[in-house]
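K.L.:
everything below, folded, please.
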Amino acid sequence: MAADLAKYARDNKVKFFLFNFTDLFGTQRAKLVPAEAVAGMQKSGASFAGFATWLDMTPAHPDMFVMPDASSVIQLPWRPEVAWVAGNPMMAGKLVEQAPRNVLQRLIDRAATQGMKMMAGVEPEFHLINPDGSAISDHRDTQEKPCYDQSAIMRRIDVIQEICSTMIQLGWGPYQNDHEDANGQFEINWNFADAMTTADQLCFFKFMVKSIAEKHGLRGTFMPKPFINLTGNGCHVHISVWDKSGKNNLFEDAKGELGVSATGYNFLGGLINHAEDLIAITNPTVNSYKRINAPRTLSGATWSPSSITYGGNNRTHMIRIPDEGRFELRLADGAANAYLMMAGILAAGLDGIAKKTDPGKRLDIDMYADGHKVKGAKKLPLNLLDAVRNFSKSKMLREALGAELCDAYTKLKTSEWNQYCHHLTEWERDKTLDC
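P.N.:
Here you go, the predicted structure:
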């Protein structure tokens, strides 16, 4: 774990550092800092104009300085003269309260005071498409049910192998690669870690996939629904909470239902209770709602939820309990901001633990086929505007994430929705020209 970036540069022959931060929309921003200047920049931070990014600021705001977290530094295996380091934005000597990584750290610190540490693993799906984004990159990838297609993954082994080998080199512990349910779609799984480490890794993973795909003349996309007839890109999150030592899983109880403790079910209850408010974070784009409210895809299933329910080892629910001591939130998609997603999950879960929230009855049914028979199951919002309105009214999220972040996120996402509404689609013309 690096502490002195100048020494890290000397030891690893790094010539440049990407001083990185992630804005409210999940866009990664960076300045390229030469190794000769990194000692001073590590102390002062790299300066940014916040208004030039997706933060709710104006041109009149003073400089924002991103202070690198040296423990997050990653040398780019495909470009070893460059290293990436995540940072925490500051302004006028104080942490920027709407900066997503700062918000997650605040929630992690709150959990620590209660003797808890959230651990998380993610499953970010992505498509490999042609450079102009018009189609998947493999014209032979046409199976109706392409999931786990051996031939299809082997036709893209150069890309997948380089990504996975890079992760092995970084020590992330990747353990499987597969062709996913959509044509041209892939997934790589790696070991879980604490929430901040996983969030940093997810940000870097998206950067890495896009960079390596581009190197091979392709384009990597995590867009929630890039092709209307194919399964979309989810980002499932596997969640458990451990004690501060990291030795005892507080969600695990051999006597509990499905091996989950009362604390685990209370955390799950918090997610169920606040899902309608949280979805603006986990599914943050207009396109997101074409994944979770989609009709059956070419493969026969969307593999995404449409209602706020949980079950055992059953992928038709919003939350799945696949094993003792953990559960999987299947709601989030590839556009989710890694830091806000983890912060929102932790906030909802801590609220559930504090209030001993009962998640309700587990449903052991196929929600795709029989969900209409369930009385009282809440449905997920149908569009981004409804999701943002729910988010803006949440007292819990406002208290946990901070008023500055909630106000900024609501303002910018409402503006994004309005911008979308100004766009005239061909569907509207086809349906309305002859009205």
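K.L.:
which SS state does residue 320 fall under?
P.N.:
Assigned with DSSP: H, G, I helix; E, B strand; the rest coil, residue 320 falls in the strand class.
K.L.:
for the closest residue to it other than its chain neighbours, what are its contacts?
P.N.:
Among residues not flanking residue 320 along the chain, residue 328 sits closest, at 4.5 Å (Cβ to Cβ, 6 or more residues apart in numbering). Heads up, the C-betas are built off the backbone N, CA and C, glycines and all. Listed by Cβ atoms under 8 Å, 6 or more residues apart in numbering, the contact set of residue 328 reads 236, 237, 238, 239, 319, 320, 321, 322.
K.L.:
which of those residues are buried?
P.N.:
Among the contacts of residue 328, those classed as buried by neighbour count (16 or more other Cβ atoms under 10 Å) are 236, 237, 238, 239, 319, 320, 321.
K.L.:
just these now: which is nearest residue 42?
P.N.:
The shortest approach to residue 42 among the buried ones among the contacts of residue 328 belongs to residue 237, at 31.6 Å (Cβ to Cβ).
K.L.:
of the buried ones among the contacts of residue 328, closest to residue 303?
P.N.:
Among the buried ones among the contacts of residue 328, and counting by Cβ to Cβ, the member closest to residue 303 is residue 236, at 9.4 Å.
K.L.:
need phi/psi at the closest one.
P.N.:
The phi/psi pair for residue 236 (degrees, to the nearest 10) reads phi -70, psi 140.
K.L.:
where's it relative to residue 326, distance?
P.N.:
12 Å (Cβ to Cβ, to the nearest Å).
K.L.:
state which strand of the chain is the longest.
P.N.:
strand 116-129 (DSSP state E).
K.L.:
by contact count, what packs against that one?
P.N.:
Secondary-structure packing of strand 116-129 (3 or more Cβ pairs under 8 Å, 6 or more residues apart in numbering; DSSP states H and E): helix 100-113, strand 185-190, strand 193-194, helix 195-215, strand 219-221, strand 235-243, helix 338-355.
K.L.:
distance to residue 144 and mean pLDDT added to those, as TSV?
P.N.:
Output for the helices and strands packed on strand 116-129, formatted as TSV (distance: least, Cβ to Cβ, whole Å; pLDDT from 0 to 100):
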stretch	distance to residue 144	mean pLDDT
helix 100-113	39	98
strand 185-190	14	98
strand 193-194	37	98
helix 195-215	25	98
strand 219-221	22	98
strand 235-243	23	98
helix 338-355	32	98
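K.L.:
among the ones you listed, which comes closest to residue 173?
P.N.:
strand 185-190 (5.5 Å).
K.L.:
the closest one: partners in the sheet, and parallel or antiparallel?
P.N.:
Strand 185-190 sits in its sheet next to strand 116-129 (antiparallel), strand 174-179 (antiparallel), going by DSSP bridges.
K.L.:
any idea which of these is most buried?
P.N.:
Among the strands paired with strand 185-190, the stretch with the highest mean neighbour count (mean count of other Cβ atoms under 10 Å) is strand 116-129, at a mean of 22.
K.L.:
quick check: what element follows that strand along the chain?
P.N.:
helix 150-155 (DSSP states H and E).
K.L.:
same for that next one, what does it pack against?
P.N.:
When contacts are defined as 3+ Cβ pairs under 8 Å, 6+ apart, helix 150-155 sits against strand 174-179.
K.L.:
what does the strand it packs on contact?
P.N.:
Here strand 174-179 makes contact (Cβ under 8 Å, 6+ apart) with 146-150, 152-153, 160, 164, 167-168, 185-191.
K.L.:
swap the cut-off to 7 Å and go again
P.N.:
Residues from elsewhere that reach strand 174-179 (Cβ atoms under 7 Å, 6 or more residues apart in numbering): 146-149, 152-153, 160, 164, 167-168, 186-190.
K.L.:
are any of those residues buried, and if so which?
P.N.:
Among the contacts of strand 174-179, those buried by neighbour count (16+ other Cβ under 10 Å) are 146-147, 149, 152-153, 160, 164, 167, 186-190.
K.L.:
so where's the stretch 151-300 of the chain shaky on pLDDT?
P.N.:
For the stretch 151-300 of the chain, no stretch has pLDDT under 70.
K.L.:
mind doing that once more with 90?
P.N.:
293-300 (pLDDT under 90).
K.L.:
before we move on, back to that, output the buried ones among the contacts of strand 174-179 as a markdown table; include the columns distance to residue 222.
P.N.:
Below are the buried ones among the contacts of strand 174-179 laid out as a markdown table (distance: Cβ to Cβ, whole Å):
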| residue | distance to residue 222 |
| --- | --- |
| 146 | 18 |
| 147 | 18 |
| 149 | 20 |
| 152 | 19 |
| 153 | 18 |
| 160 | 15 |
| 164 | 17 |
| 167 | 16 |
| 186 | 11 |
| 187 | 11 |
| 188 | 12 |
| 189 | 15 |
| 190 | 16 |
